[in-house]
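Engineer: A predicted structure for the sequence below; I have some questions about it.
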Amino acid sequence: MLRCKLQIAVMVVIFATSSWISALAQSSNSPTDDGIGKPMFAAEALTPIPRTTNTVPHWTSAFTYSQVSYPFTMVGTNPASGSVTTTVAVAIIPVKFVFADGRSLDGSTTLDNTLASPIFQDFSYATGTTQWGDAIMRAEFWPSISTVSSGWHVLLGNPTIYPTQVISVPPGEAVEIVGSHSHKFFALVSYHWWFDRVAEVMNKLQIAPTTLPILHTYNIFGYIHDPNNCCVIGFHLITTLSRNGNGNQPVPTGIADSWTDHGIFSNFEDVAVLSHEVSEWLNDPLLNNFVPPWEFPDNSGCQGNLETGDPIEVLPKAALPITLSGFTYHMQNEALLQWFSREVPSSAIDGAYSFPDTTVLTSPSQPCH
């Protein structure tokens, strides 16, 4: 049973493939959902990451805990350096999965609501009226934002919408289901098969490494080896790195998300997956931000990376409803940098360890047992 993100390293020439998967510790037989498994999130990267500017704009700093320095890399610019607005180009790639019986699940059918969501549109937060990810980043660096850098932002640009990518699913790679609670059609697909298809699409489209591609699916959930070990509902990644580049190798990052219908999972629906992954991508774009190992708040496992959605995904208050343009979206609250660095008191806005709901985490992370 997967209870936290696990690191798996396989050396291939000079690269290693690393994988982290975090699971939501809740009953798979919850009467408020379809009981198909625990929502999980993954991160996949090739390591070591070369020093390069040929990727999304980023900056690097560090925090110190127990006399150990922990460097981190985040999207944008250092908030302490002034009011700079970074806008990252975004490519949205709808993906349509077609199954052997002719049925399909098409990410393009939920695209309009996704584009109208707080992921891309402004909403009023304690840190200002802005996009979801930017609001969280501003909360983390509030000492600078509230003084010398009030105009600092890191934003997602107006997305370029790519043609829908149609992927045929081999019979042995998917299980089609109509939920007993939700009554919605969805599919469980092999996570590793799904990840390989995402990497193939990114490589085929040759999107600039300075752009964030989001591969958008609908009701697609990944299982690990066996459909009973389900469900990966989103991940962020780095695809194949070139060995060439004279120190400026392209390092493309990306997100795969799945719009999720109401009732399939009790705590995740519509853009919850994307809100989780966008925050994590902003805070750890190159998947190399390691932190003091921390225990999940429900004592379900241990982890050691700066993945802002993971500590809260196991909690009942994970979801944050936000109504925008007449639609109620279900975002996921996020842990802040200060929770991982165990800073007491927290320098984040209002002394918080989580945001936008500052009551979800009220104290810093605890060391692993």
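Structural biologist: That came through fine. Numbers count the residues shown, from 1 in each chain.

Engineer: Using PDB, list the CA coordinates for stretch 191-203.
Structural biologist: Extracted C-alpha coordinates of stretch 191-203, given in PDB (Å, rounded to 0.1, in the frame of the first residue of the first chain):
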ATOM      1  CA  TYR A 191       0.000   4.700 -14.600                       C
ATOM      2  CA  HIS A 192       3.300   3.800 -16.300                       C
ATOM      3  CA  TRP A 193       1.600   3.400 -19.700                       C
ATOM      4  CA  TRP A 194      -0.100   6.800 -19.100                       C
ATOM      5  CA  PHE A 195       3.200   8.500 -18.200                       C
ATOM      6  CA  ASP A 196       4.900   7.100 -21.300                       C
ATOM      7  CA  ARG A 197       2.100   8.500 -23.500                       C
ATOM      8  CA  VAL A 198       2.500  11.900 -21.800                       C
ATOM      9  CA  ALA A 199       6.200  11.900 -22.500                       C
ATOM     10  CA  GLU A 200       5.700  10.900 -26.100                       C
ATOM     11  CA  VAL A 201       3.200  13.700 -26.700                       C
ATOM     12  CA  MET A 202       5.500  16.300 -25.200                       C
ATOM     13  CA  ASN A 203       8.400  15.000 -27.200                       C
END
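
Engineer: what's the model's confidence in that stretch, averaged?
Structural biologist: Computed over stretch 191-203, the mean pLDDT rounds to 92.

Engineer: Tell me where the stretch 151-300 of the chain has strands.
Structural biologist: 153-156, 160-161, 165-168, 174-178, 185-190, 212-218, 220-223, 230-238, 253-259, 290-295 (DSSP state E, counting those that start in this stretch).

Engineer: Just put the ones you listed in a markdown table and tack on mean neighbour count and distance to residue 63.
Structural biologist: Glycine gets a C-beta too; all of them are placed from N, C-alpha and C. Formatted as a markdown table, the strands of the stretch 151-300 of the chain follow (neighbours: other C-beta atoms under 10 Å; distance: least, C-beta to C-beta, whole Å):
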| stretch | mean neighbour count | distance to residue 63 |
| --- | --- | --- |
| strand 153-156 | 22 | 19 |
| strand 160-161 | 14 | 35 |
| strand 165-168 | 16 | 40 |
| strand 174-178 | 16 | 43 |
| strand 185-190 | 22 | 38 |
| strand 212-218 | 27 | 25 |
| strand 220-223 | 26 | 33 |
| strand 230-238 | 26 | 22 |
| strand 253-259 | 26 | 22 |
| strand 290-295 | 18 | 8 |
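
Engineer: which stretch among those strands comes nearest residue 284?
Structural biologist: strand 230-238 (8.2 Å; C-beta to C-beta).

Engineer: Tell me which other helices or strands that closest one touches.
Structural biologist: strand 40-47, helix 191-205, strand 220-223, strand 253-259, helix 272-283 (3 or more C-beta pairs under 8 Å, 6 or more residues apart in numbering; DSSP states H and E).

Engineer: Please produce CSV containing the ones you listed, extended by distance to residue 229.
Structural biologist: Converted to CSV, the helices and strands packed on strand 230-238 look like this (distance: least, C-beta to C-beta, whole Å):
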stretch, distance to residue 229
strand 40-47, 9
helix 191-205, 9
strand 220-223, 6
strand 253-259, 17
helix 272-283, 18
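
Engineer: surely residue 128 meets residue 139?
Structural biologist: No. Judged on C-beta atoms under 8 Å, residue 128 makes no contact with residue 139 at a distance of 9.8 Å.

Engineer: Of these two, give the one with the bigger neighbour count.
Structural biologist: residue 139 (26 against 16; other C-beta atoms under 10 Å).

Engineer: helix, strand or coil for the closest residue in space to residue 346 that isn't next to it in sequence?
Structural biologist: Spatial nearest neighbour of residue 346, excluding adjacent residues (C-beta to C-beta, 6 or more residues apart in numbering): residue 338 at 3.9 Å. Counting by DSSP: H, G, I helix; E, B strand; the rest coil, the backbone at residue 338 sits in helix.

Engineer: now residue 315
Structural biologist: With three-state DSSP as the criterion, residue 315 reads coil.

Engineer: any idea how far the residue nearest to residue 317 when sequence neighbours are not counted is from residue 87?
Structural biologist: Counting by C-beta to C-beta, 6+ apart, residue 317 lies nearest to residue 360, which is 4.9 Å off, once chain neighbours are set aside. Distance, residue 360 to residue 87, using C-beta to C-beta, to the nearest Å: 29 Å.

Engineer: higher neighbour count, these two?
Structural biologist: residue 360 (21 against 13).
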